[in-house]
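Undergrad: Provide a 3D model corresponding to the input given below.
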Amino acid sequence: MSGPLISRLVFKTGAWLAFMALLLFFPAGNRLWVQAWAFLAIFAVGSFGFGVWLWRRDPALLASRLGPLVQRGQPL
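TA: Residues are numbered from 1 along each chain as shown. Modelled structure (predicted):
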């Protein structure tokens with residue numbers, strides 16, 4: 001179970017990083033914005049680090065966090 005869980009962590013974090021990069025760099029019109037690159041790097045390190053820590057500590061919670069945003073039986 002750990003292989004697919006880590007690959008989902010990498011994919012979802014990568015997708016969020018790409019989305020945030022699009023939101024940051026498209027309106028700015030400049031890929032050389034140093035503060036945005038720093039923000040993305042800090043976010044990537046924090047996300048991957050927390051994901052690996054959670055994978056070791058509580059894999060079921062990580063699997064739940066990597067699941068869909070809206071789940072069955074979820075209260076409104």
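
Undergrad: and the longest helix for the chain?
TA: In the chain, taking DSSP state H as the definition, the longest helix is helix 2-28.

Undergrad: flag every buried residue along it.
TA: Leu5, Ile6, Arg8, Leu9, Thr13, Leu17, Ala21, Leu24, Phe25 (16 or more other C-beta atoms under 10 Å). (Each C-beta comes from the backbone N, C-alpha and C, glycine too.)

Undergrad: out of those, flag the one nearest to Gly46.
TA: Taking C-beta to C-beta as the measure, Thr13 is the one of the buried residues of helix 2-28 closest to Gly46, at 9.8 Å.

Undergrad: with adjacent residues omitted, what lies nearest to that closest one?
TA: Once flanking residues are discounted, Thr13 sits nearest to Ser47: 4.7 Å by C-beta to C-beta, 6 or more residues apart in numbering.

Undergrad: the helix or strand encompassing that neighbour - what's its average pLDDT?
TA: Secondary structure from DSSP states H and E places Ser47 in helix 34-57. When pLDDT is averaged along helix 34-57, the result is 96.

Undergrad: show me what that helix is packed against.
TA: helix 2-28, helix 59-65 (3 or more C-beta pairs under 8 Å, 6 or more residues apart in numbering; DSSP states H and E).

Undergrad: how about residues contacting the last one?
TA: It stands for helix 59-65. Met1, Ser2, Leu5, Leu9, Gly51, Leu54, Trp55 (C-beta atoms under 8 Å, 6 or more residues apart in numbering).

Undergrad: may I have that helix exported as CSV, CA atoms only?
TA: C-alpha atoms of helix 59-65 as CSV (Å, rounded to 0.1, in the frame of the first residue of the first chain):
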residue,chain,number,x,y,z
PRO,A,59,-0.8,6.1,6.8
ALA,A,60,-4.6,5.9,7.1
LEU,A,61,-4.9,9.6,7.8
LEU,A,62,-2.6,10.3,4.8
ALA,A,63,-4.8,8.1,2.6
SER,A,64,-7.9,10.0,3.8
ARG,A,65,-6.2,13.4,3.2
